[in-house]
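J.: Structural data only, the sequence is not supplied:
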């Protein structure tokens with residue numbers, strides 16, 4: 001076989017190979033486009049979540065989508081009171097997650113919720129900036145605080161802080177609690193703002209949730225006396241949307257309550273709902 005014939009045969013083979021490669025690329029491209037189009041058509045599950053649960057719900061999102069890759073989630077975070085107001089003004093959401101019962105009860109009374117359950121517990125703690133760690137030993141040392149910040153009264157962490165103040169007053173008397181109240185310099189709209197201000201040394205101390213204080217080197221947890229400690233419920237509710245429940249939202253709701261979801265909550269230092 002002469003060189004000319006061999007060259008022609010090689011060209012024909014190369015031509016067929018190129019066609020095959022191009023066809024494979026085109027098919028792959030079309031399959032990819034089909035998948036993107038399919039995912040683009042999926043209506044996301046819309047969640048309104050109390051800011052104190054930001055980190056754990058981002059982790060729950062990852063875990064859920066690993067099991068349910070054909071779903072999408074849209075997470076929005078804020079103070080429970082602000083999220084409740086959004087729902088009352090017609091926000092199109094499927095799930096509401098709150099750090100206390102008041103806002104859930106209000107929405108239930110308005111028949112905006114189909115079902116509600118407690119999925120975990122948290123605790124309220126008093127934190128100081130780490131620089132005060134060696135000077136805060138007893139309740140009297142609390143009066144060394146010059147800048148104390150609380151959540152606003154309609155924010156769950158603010159409402160809980162006021163309950164703790166009442167309990168401290170019962171334990172230590174009116175004079176002590178009046179002196180402590182005089183140190184309050186601001187009321188913040190959510191617990192993450194309280195934490196951030198203390199970490200940035202814009203305040204000396206404030207009340208946050210236990211989970212907000214974990215693994216935070218700039219924070220020191222001050223041990224509250226027995227009788228003034230509060231456990232708080234973490235609640236998840238399925239919202240009515242035209243008197244029906246989004247089936248995808250139900251799946252995420254079930255995932256939070258599942259063994260997998262509860263393991264993620266435990267890893268983020270939340271307590272089981274059934275703990276005393």
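T.: Thanks, I have it. The structure presented is a predicted model; accordingly, all values stated were derived computationally and were not measured.

J.: Could you report the neighbour count for residue 235?
T.: Neighbourhood size, residue 235 [other C-beta atoms under 10 Å]: 23. Any C-beta I mention is one placed from the backbone N, CA and C, and that applies to glycine too.

J.: sec struct for it, please.
T.: Of the three states, residue 235 takes strand according to DSSP: H, G, I helix; E, B strand; the rest coil.

J.: That one and residue 104 touch, don't they?
T.: Yes: in this structure residue 235 lies within contact range of residue 104 using C-beta atoms under 8 Å: 5.1 Å.

J.: Give me the common contacts of these two.
T.: 98, 116 (C-beta atoms under 8 Å, 6 or more residues apart in numbering).

J.: where along the stretch 151-276 of the chain do the helices fall?
T.: 156-172, 174-181, 191-199, 210-213, 247-257, 259-267 (DSSP state H, counting those that start in this stretch).

J.: For the ones you listed, give me JSON lines that also has distance to residue 110.
T.: JSON lines is the format used below for those (distance: least, C-beta to C-beta, whole Å):
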{"stretch": "helix 156-172", "distance to residue 110": "19"}
{"stretch": "helix 174-181", "distance to residue 110": "34"}
{"stretch": "helix 191-199", "distance to residue 110": "25"}
{"stretch": "helix 210-213", "distance to residue 110": "29"}
{"stretch": "helix 247-257", "distance to residue 110": "19"}
{"stretch": "helix 259-267", "distance to residue 110": "27"}
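
J.: pLDDT wise, what is residue 61 at?
T.: Residue 61 carries a pLDDT value of 98.

J.: List the contacts of the helix or strand where it lies.
T.: Secondary-structure assignment from DSSP states H and E places residue 61 in helix 54-67. Contact with helix 54-67 is made by 47, 49, 71, 73, 75, 77, 97, 192, 211, 251-252, 255-256, 260-261, 264-265, 267-268, 270, as judged by C-beta under 8 Å, 6+ apart.

J.: And these, which of them are buried?
T.: Buried subset of the contacts of helix 54-67 (neighbour count, 16 or more other C-beta atoms under 10 Å): 47, 49, 71, 73, 75, 77, 97, 192, 211, 252, 255-256, 261, 264-265, 268, 270.

J.: what's the next secondary structure element after the helix holding residue 61?
T.: strand 73-78.

J.: what distance separates that next one from the middle of the whole chain?
T.: 8 Å (C-alpha atoms, centre = their mean, to the nearest Å).

J.: helices or strands next to it in the packing?
T.: strand 45-50, helix 54-67 (3 or more C-beta pairs under 8 Å, 6 or more residues apart in numbering; DSSP states H and E).

J.: re the thing from before, compare the helices of the stretch 151-276 of the chain and give me the one nearest residue 142.
T.: helix 174-181 (5.9 Å; C-beta to C-beta).

J.: Would you mind listing where the stretch 151-276 of the chain has pLDDT under the threshold?
T.: The model of the stretch 151-276 of the chain has pLDDT under 70 over residues 242-245, 276.

J.: can you count the residues close to residue 184?
T.: By the criterion of other C-beta under 10 Å, residue 184 has 16 neighbours.

J.: does it really touch residue 149, like I thought?
T.: Yes: Residue 184 is in contact with residue 149 according to C-beta under 8 Å; the separation is 7.1 Å.

J.: Give me the phi and psi angles of residue 129.
T.: Here is the backbone geometry of residue 129 (degrees, to the nearest 10): phi -60, psi 150.

J.: Show me what it is bridged to.
T.: When bridges are called by DSSP bridges, residue 129 pairs up with residue 219.

J.: what's the offset of the helix holding residue 61 from the middle of its chain?
T.: 10 Å.

J.: cool, stretch 257-264 as well?
T.: The mean C-alpha position of stretch 257-264 is separated from the chain mean by 15 Å, C-alpha atoms, centre = their mean.

J.: related to what we said a few turns ago, out of the helices of the stretch 151-276 of the chain, nearest to residue 225?
T.: If we rank those by C-beta to C-beta, the stretch that ends up nearest is helix 156-172, at 6.0 Å.
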